[in-house]
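In: Sequence first, then the predicted structure:
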Amino acid sequence: MSESGDIWVYLSASPLLHLSLTLSAFVVASALYNRLRRSPLLNPVLLSVVAIVALLHLTDTDYDRYFDGAKFVHFLLGPATVALAVPLYRQFERVRKSALAILVSLVCGSLTAAVSAISLAWLLGAHPVSIVSLAPKSVTAPVAMGISEQLGGLPSLTAVLVILTGIVGAMLGPAVLKLLCIEDPAAQGMAMGTASHGIGTARALQLGELAGAFAGLAMGLNALATALLLPLLWRLMF
């Protein structure tokens with residue numbers, strides 16, 4: 001084995017390598033995204049995932065070894081989610097005044113996300129296991145995987161679909177909202193948070209604090225609403 005190969009074997013044994021690669025990939029992707037005027041096609045999460053997957057494939061690194069380092073970033077998901085309460089607290093008065101509108105939009109959005117996914121998959125002839133794995137795609141991953149498992153789906157497939165939904169929502173959401181002439185930041189945030197969970201919420205925060213606050217609220221409430229409504233909907237449809 002060459003000297004460079006020996007160095008790689010040594011470095012790959014350290015969890016810090018994969019932590020550094022993850023952070024570096026996102027920093028570079030974010031810089032590229034900002035430099036190219038925040039093109040929707042250059043979403044930092046998408047670029048980071050593609051770069052890391054390509055690197056793991058080229059170096060023949062299994063996911064478990066990679067996750068030994070990346071788990072430190074994974075741990076921060078909890079505090080980051082809790083931190084979404086800060087903009088929500090600052091906008092609490094606006095949220096209180098919009099309680100009825102939030103409730104109606106949340107129920108409609110939750111049902112639309114699930115029914116549209118189930119119906120489209122069914123029309124395309126998908127297997128019931130695939131359909132139920134797809135149904136909670138707009139819910140944050142831990143909750144979506146739990147719902148999928150309880151209904152007989154594949155949690156691993158659900159996780160992939162959830163990530164794809166979040167990335168697509170973050171990429172296309174602002175453009176779709178602009179096309180539909182939806183300019184109210186609160187409405188934009190509700191739509192992004194309901195349709196594309198955490199990744200959409202992160203994108204909504206870039207639109208402004210008000211949009212981010214409503215997106216964080218929608219993400220949390222949609223997880224609760226889907227956990228309650230989807231099992232009932234599944235029994236009615238199948």
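Out: Sure thing, it's come through.
In: contacts and neighbour counts: CA atoms only from here.
Out: Fine.
In: Show me what stretch 143-160 is in contact with.
Out: Here stretch 143-160 makes contact (CA atoms under 8 Å, 6 or more residues apart in numbering) with 129-138, 141, 162, 223, 227, 231.
In: So for that stretch, what gets flagged as buried?
Out: Going by neighbour count (16 or more other CA atoms under 10 Å), the buried part of stretch 143-160 is 143-149, 153-155, 157-159.
In: Kindly indicate which of the contacts of stretch 143-160 lies nearest K71.
Out: A141 (15.4 Å; CA to CA).
In: got a pLDDT number for the closest one?
Out: Note on A141: pLDDT of 87.
In: Spit out the contact partners of it.
Out: 158-159, 162-163.
In: Low-confidence regions, this protein specifically.
Out: 1-15 (pLDDT under 70).
In: biggest helix in it, by residue count?
Out: As assigned by DSSP state H, the longest helix anywhere in the chain is helix 209-237.
In: tell me which strands and helices that one is in contact with?
Out: Applying 3 or more CA pairs under 8 Å, 6 or more residues apart in numbering; DSSP states H and E, we find helix 209-237 packed against helix 85-90, helix 99-123, helix 141-150, helix 185-207.
In: Got a quick ChimeraX command for the buried subset of the contacts of stretch 143-160?
Out: A single ChimeraX command selects the buried members of the contacts of stretch 143-160 (16+ other CA under 10 Å):
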select :130,131,132,133,134,135,136,137,138,141,162,223,227
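In: Which one of the contacts of A141 is nearest to L205?
Out: Closest approach to L205 among the contacts of A141 (CA to CA): I163, at 18.1 Å.
In: Helix, strand, or coil at that closest one?
Out: Secondary structure of I163, reduced to three states by DSSP: H, G, I helix; E, B strand; the rest coil: helix.
In: can I see the domain layout of this structure?
Out: For the chain, automatic domain parsing gives the domain ranges 3-75, 91-237.
In: Please identify which of those is closest to V82.
Out: With CA to CA as the yardstick, what comes closest out of the domains of the chain is domain 91-237 (9.6 Å).
In: Can you check the distance spanned by the closest one, start to finish?
Out: End-to-end span of domain 91-237 (CA to CA, to the nearest Å): 38 Å.
In: centre of the chain versus that domain, how much separation?
Out: Counting by CA atoms, centre = their mean, to the nearest Å, domain 91-237 is centred 9 Å from the centre of its parent chain.
In: repeat for stretch 52-64
Out: Stretch 52-64 has its C-alpha centroid displaced from the chain centroid by 22 Å (CA atoms, centre = their mean).
In: And stretch 61-71, by the same measure?
Out: 20 Å.
In: try stretch 71-79
Out: How far stretch 71-79 lies from its chain's middle: 14 Å, per CA atoms, centre = their mean.
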